[in-house]
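Chemist: Any chance you can model this:
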Amino acid sequence: MTAIPALPAPRSAPQLPDYITDDAKLREAAQQLEVSFLAEMLKSTGLGAQNGPFSGGPGEEQFGSFLREAQANEMVKAGGIGLAEALFEAMKAKWHA
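Modeler: As a prediction, the model looks like this:
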């Protein structure tokens, strides 16, 4: 007859990571989400896309994402569209409840 393996001891309540308990880090994460969102929206608009003999070609297309991300970052620093604040409040309410 084979022995039944013992079950592992129950774990204590999980401890929240620092980035969830620190409001500044939570706000920074929300702002990064807004930056990513705005960069994708700028990409969808075709902002900065050039066609013709004086366009940057494949290099311009590949490095355009850096420009869009920098522009989105500056938009968020200037107040953004309010998405970061909404995300921050939602995350704060969920994890600090």
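
Chemist: Go through the helix ranked longest in the chain and flag the buried ones.
Modeler: The helix that spans the most residues within the chain, counting by DSSP state H, is helix 23-45. Neighbour-count burial for helix 23-45, counted by 16 or more other C-beta atoms under 10 Å, picks out Leu26, Arg27, Ala30, Gln31, Leu33, Glu34, Val35, Phe37, Leu38, Ala39, Leu42, Lys43. All C-beta atoms are positioned from the backbone trio N, CA, C, and that covers glycine.

Chemist: what residues are up against the closest residue to the fifth one other than its chain neighbours?
Modeler: Residue nearest to Leu33 in three dimensions, not counting chain neighbours: Leu87, with 5.6 Å by C-beta to C-beta, 6 or more residues apart in numbering. For Leu87, the contact set (C-beta atoms under 8 Å, 6 or more residues apart in numbering) comprises Ala30, Leu33, Glu34.

Chemist: just those now: which is nearest Ala78?
Modeler: Taking C-beta to C-beta as the measure, Ala78 sits nearest to Glu34 out of these, at 11.6 Å.

Chemist: Quick check: closest non-adjacent residue to that closest one.
Modeler: Excluding its sequence neighbours, the residue lying closest to Glu34 (C-beta to C-beta, 6+ apart) is Ala84, at 4.0 Å.

Chemist: what helix or strand is the one you found on?
Modeler: Assigned by DSSP states H and E, Ala84 belongs to helix 83-95.

Chemist: Using CSV, write out the CA atom coordinates for that helix.
Modeler: The C-alpha coordinates for helix 83-95 follow below in CSV (Å, rounded to 0.1, in the frame of the first residue of the first chain):
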residue,chain,number,x,y,z
LEU,A,83,-7.0,58.3,-18.3
ALA,A,84,-4.1,57.9,-15.8
GLU,A,85,-6.1,59.5,-13.0
ALA,A,86,-9.1,57.3,-13.7
LEU,A,87,-6.9,54.2,-13.8
PHE,A,88,-5.1,55.3,-10.6
GLU,A,89,-8.3,55.8,-8.7
ALA,A,90,-9.7,52.5,-9.9
MET,A,91,-6.5,50.6,-8.9
LYS,A,92,-6.3,52.4,-5.6
ALA,A,93,-9.9,51.6,-4.7
LYS,A,94,-9.4,47.9,-5.6
TRP,A,95,-6.1,47.3,-3.7
